[in-house]
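A.B. asks: Next one to model:
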Amino acid sequence: MQSLYVTVVVIVAWLVLCAAMWRIHKARQHVETKLNSTVLIAYASQTGNAQAIAQSCAQALHLSATSVISLNNLTLEHLKQVEKALFVVSTYGDGEAPDNGHLFAKHIVNHLPSVGAKQANVSRQFDLSHLHYSIVALGDSSYSDFCSFGFELNQLMSSTGAQLLGDVITVDNYEQQSTELADITPSWLNIQSGNKKVANVESTNYWQLAGREILNPGC
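C.D. replies: Numbering: from 1, shown residues only. All right, here's what the predicted structure looks like:
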């Protein structure tokens, strides 16, 4: 009987711990931004390059830290608070979104009208027709899916009624040391050439596959 009591106590304690850890995890994922600017910058980065560009843009525009957010933490509610948005995104794997960017795309898709429905049927709750945005897409032109996530994001944003400023800016084989921020960003940011290079961003959260090796061939 005593062993049963101890078992029940251990299980309850474990469940309480799991619930607490889940709440902490959700709290970290949910970013409450109190924007003090009309511009928001969002990034999706697998190796840190897009994040570095996004943060450098924010520094050049003298924006607060809350004006820069990863795409996974971005919601349509955030975008309702601003007039302009800059998306800096890379394409990963076979034309996919980086790990910290795929949730935003799913969030929009979940609120789009069914195939064949008219744009007017999009709920007013997710109408972003007031928003103007630009996209800086990083990729490698040696792949057939060059910057495909950037173009996919453009289609998704367009479906909300938001308006693209200019064209999607594609950056081929981005080189941090030799890249001027003004050369890869839209003109409305008014970043002057020659005085801003992309800053370094140290990140331990992103990994890049260097190679594969079969350890058990023939199995």
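
A.B. asks: Am I right that residue 20 sits in a helix?
C.D. replies: Yes: per DSSP: H, G, I helix; E, B strand; the rest coil, residue 20 lies within a helix segment.

A.B. asks: how much space is there between it and residue 13?
C.D. replies: 11 Å (C-beta to C-beta, to the nearest Å). Glycine gets a C-beta too; all of them are placed from N, C-alpha and C.

A.B. asks: residues near residue 89, how many?
C.D. replies: 31 (other C-beta atoms under 10 Å).

A.B. asks: For the remainder of this discussion, apply numbering that starts at 27.
C.D. replies: In the new numbering, first residue 27, that becomes residue 115.

A.B. asks: Phi and psi next, for it.
C.D. replies: phi -130, psi 150 (degrees, to the nearest 10).

A.B. asks: Could you find the closest non-adjacent residue to it?
C.D. replies: For residue 115, ignoring the flanking residues on the chain, the nearest one in space by C-beta to C-beta, 6 or more residues apart in numbering is residue 70 at 4.1 Å.

A.B. asks: Tell me who's in contact with the most centrally placed residue in the chain.
C.D. replies: The structure's the chain has its C-alpha centroid closest to residue 97; by C-alpha atoms, centre = their mean the separation is 2.2 Å. For residue 97, the contact set (C-beta atoms under 8 Å, 6 or more residues apart in numbering) comprises 68, 69, 70, 113, 115, 123, 124, 126, 127, 129, 130, 131.

A.B. asks: If we use 7 Å, what do you get?
C.D. replies: Contact analysis of residue 97 by C-beta atoms under 7 Å, 6 or more residues apart in numbering lists 68, 69, 70, 115, 126, 127, 130.

A.B. asks: Now list the buried members of these.
C.D. replies: 68, 69, 70, 115, 126, 127, 130 (16 or more other C-beta atoms under 10 Å).

A.B. asks: Just the C-alpha atoms of stretch 116-134, please, in PDB.
C.D. replies: Provided in PDB are the C-alpha atoms of stretch 116-134 (Å, rounded to 0.1, in the frame of the first residue of the first chain):
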ATOM      1  CA  SER A 116      16.900  32.100 -46.400                       C
ATOM      2  CA  THR A 117      15.900  28.900 -48.100                       C
ATOM      3  CA  TYR A 118      17.000  25.600 -46.500                       C
ATOM      4  CA  GLY A 119      17.200  22.000 -47.700                       C
ATOM      5  CA  ASP A 120      14.900  21.300 -50.700                       C
ATOM      6  CA  GLY A 121      13.400  24.700 -51.000                       C
ATOM      7  CA  GLU A 122      12.100  24.700 -47.400                       C
ATOM      8  CA  ALA A 123      11.900  27.300 -44.700                       C
ATOM      9  CA  PRO A 124      14.600  27.400 -42.000                       C
ATOM     10  CA  ASP A 125      13.700  25.800 -38.700                       C
ATOM     11  CA  ASN A 126      12.800  29.100 -37.200                       C
ATOM     12  CA  GLY A 127      10.500  30.200 -40.100                       C
ATOM     13  CA  HIS A 128       8.100  27.400 -41.000                       C
ATOM     14  CA  LEU A 129       5.500  28.000 -38.300                       C
ATOM     15  CA  PHE A 130       4.600  31.500 -39.600                       C
ATOM     16  CA  ALA A 131       3.900  30.100 -43.100                       C
ATOM     17  CA  LYS A 132       1.600  27.400 -41.500                       C
ATOM     18  CA  HIS A 133      -0.100  30.100 -39.400                       C
ATOM     19  CA  ILE A 134      -1.100  32.000 -42.600                       C
END
